[in-house]
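K.L.:
Predicted model, plus sequence, below.
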Amino acid sequence: MNEASASMKDNRPVIDCREVTRTYNEGPEKLTIFSGISLTVATGETVAIVGSSGAGKTTLLNLLGGLDKPSSGTIHICGENIQTLSEGGRARFRNRHLGFVYQFHHLLPEFTALENVMMPCALGGVPVKVAREKATAILEKVGLGARLAHKPGELSGGERQRVAIARALVNEPACVLMDEPTGNLDEQTGEGVQALIESLRDQFGIAFVMVTHDMRMARSLGRVLRLEQGRLVQES
């Protein structure tokens, strides 16, 4: 894949997060979600972030994806300081370099699997013919080549999540950010999604950063970090 390959050539980390702090104002009080967090993610690495509910895992994921801005510190994605980009610039950057997968797939119910996966290409200005070819190819990669014309309501939970993963991958990102990707799936289906992540990581050098409560999957996939009391520490 192009972006992952480019990241490999110059040896830059896909994610380089330095001394990041996020605070919110709650009336007269200032609430610190986390403070002084640093994180580096290499090409083709899988990092799982675990921790108790309310620890700030999703907030951190949103910062890494440029969906929110840190109160202090810097976040570089593929060498780009995303805080310096305009809102539109961050949106374009996300579309080119990042993919997102959530616990609930957020597929558009009125569109087919193929059309859902084509959406990021359309947003990036890719011609329809090319977008269709790219979406078809990645759906075949995730084992859904026979389900292109099916709408989300006609797919199983595991199939819908595979469509969501295909949508995250269609623009050939350097990194995919995942928020509880198997949290709404049964154990067997979750294991299938895990195997798919491993295969795509190994085949294309995509980095994955995943928030999960599934410690078994977290430990089997790669590095595990725990976010607790505002600090990010290596899980033993």
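P.N.:
Received, thanks.

K.L.:
The residue positioned nearest the centre of the chain in helix, strand or coil?
P.N.:
Computing the C-alpha centroid of the chain and ranking residues by Cα atoms, centre = their mean puts residue 177 first, at 1.5 Å. Using DSSP: H, G, I helix; E, B strand; the rest coil, the structure places residue 177 in strand.

K.L.:
where do the strands sit along this protein?
P.N.:
Assigned by DSSP state E, the strands in the chain fall at 15-26, 29-41, 46-50, 72-77, 80-81, 98-102, 175-179, 207-211, 223-228, 231-234.

K.L.:
what pLDDT does the residue of the chain most remote from its centre get?
P.N.:
Computed with Cα atoms, centre = their mean, the residue of the chain farthest from its C-alpha average is residue 28, at 34.4 Å. For residue 28, the pLDDT comes out at 83.

K.L.:
just residue 201 next, same as before
P.N.:
pLDDT for residue 201: 83.

K.L.:
Hmm, it is touching residue 42, no?
P.N.:
No: with contact defined as Cβ atoms under 8 Å, residue 201 does not count as touching residue 42 (11.4 Å). C-betas here are computed from N, CA, C, even on glycine.

K.L.:
Can you pull the residues that touch both of the two?
P.N.:
Common contacts of residue 201 and residue 42 (Cβ atoms under 8 Å, 6 or more residues apart in numbering): residue 207.

K.L.:
Between the two, which is the more surrounded one?
P.N.:
It is residue 201, of residue 201 and residue 42, that has more neighbours when counted by other Cβ atoms under 10 Å, with 20 against 17.

K.L.:
Enumerate every residue touching that one.
P.N.:
Going by Cβ under 8 Å, 6+ apart, residue 201 touches 44, 46, 207, 208.

K.L.:
Give me the number of neighbouring residues for the nearest residue to residue 52 once chain neighbours are set aside.
P.N.:
Among residues not flanking residue 52 along the chain, residue 228 sits closest, at 6.8 Å (Cβ to Cβ, 6 or more residues apart in numbering). Look at residue 228: counted by other Cβ under 10 Å, it has 13 neighbours.

K.L.:
Contact partners for residue 228?
P.N.:
Each residue near residue 228 by Cβ under 8 Å, 6+ apart is listed here: 51, 52, 55.

K.L.:
hmm, back to that, deepest of the strands of the chain, which one?
P.N.:
strand 207-211 (a mean of 26; mean count of other Cβ atoms under 10 Å).
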